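S.K.: Below is the sequence, then the predicted model.
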Amino acid sequence: MTVLLTSFLYCLLAAVVVVLPAEAYLVGVALAWDVGPVWLALSGAGGQVAGKMLFYLVGRGVLDVARVRRRGAAGGRWAARMTAVEAWCREHAWGPSAVTAVSAFAGVPPYAVVSVLAGTVGMRWWLFAVISLAGRFLRFWLLVLAPELLPAELVGR
């Protein structure tokens, strides 16, 4: 139980501090402890979605990050791509859900950016949370199953 709580908290922190690798942590936990892959993936996904809700709230304008915006606006190729994705999402009612699902599972476009985008285009918070939880769960579940696929001699079981 402690392993699951620690995994939740680490993944929550990794969602906010985007340089912390949630995936590597979860695979390490899967290798080091005998934890059910479903529960480990669910705790990691829950932490990630809880952390990304802060990004969603920034997009909704609930959290003010005006100082961060003034320090340096994003520019270049990614900014242009995300502007195009935002326009596409505004044109299609199902667009934010589709982009969130792909990003939560695959990480492209970056999940942190899509979390802000979901808030910006007015996606309902509960829909964002449910789709994100499903996508992150599938991503993490596949990752934590990977050690089970390796030969026992290789992983020290």
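M.R.: The structure has been received and is ready for your questions. Remember, predicted model here, so these are calculated numbers, not experimental data.
S.K.: what sits up against the helix or strand hosting Trp141?
M.R.: For Trp141, the enclosing helix or strand under DSSP states H and E is helix 125-149. Residues from elsewhere that reach helix 125-149 (Cβ atoms under 8 Å, 6 or more residues apart in numbering): 22-23, 26-27, 29-31, 37-38, 40-42, 44-46, 48-49, 52-53, 56, 60, 96-97, 100-107, 111, 115, 118-119, 155. Placement of C-beta: from N, CA and C, glycine included.
S.K.: Tell me which helix or strand in this structure has the weakest average pLDDT.
M.R.: Lowest by mean pLDDT, DSSP states H and E among the helices and strands of the chain is helix 66-71, with a mean of 46.
S.K.: what's the next secondary structure element after that one?
M.R.: Later in the chain than helix 66-71, the nearest helix or strand by DSSP H and E is helix 76-91.
S.K.: Pull out the buried residues from the helix holding Trp141.
M.R.: Buried residues in helix 125-149, defined by neighbour count with 16 or more other Cβ atoms under 10 Å: 128-129, 131-141, 143-144, 147.
S.K.: any idea of the pLDDT on the residue lying closest to His92 once chain neighbours are set aside?
M.R.: Nearest residue to His92, sequence neighbours excluded (Cβ to Cβ, 6 or more residues apart in numbering): Ala98, at 7.8 Å. As predicted, Ala98 sits at a pLDDT of 93.
S.K.: Which element, helix or strand, includes Ala98?
M.R.: Applying DSSP H and E as the criterion places Ala98 in helix 95-106.
S.K.: Pull the residues that contact that helix.
M.R.: 85, 88-89, 92, 108-111, 114, 117-118, 121, 123, 127-128, 131-136, 138-139.
S.K.: Quickly note the distance from Ala14 to Gly44.
M.R.: Distance, Ala14 to Gly44, by Cβ to Cβ, to the nearest Å: 9 Å.
S.K.: How about Gly135?
M.R.: In this view, Gly135 and Gly44 are 12 Å apart by Cβ to Cβ.
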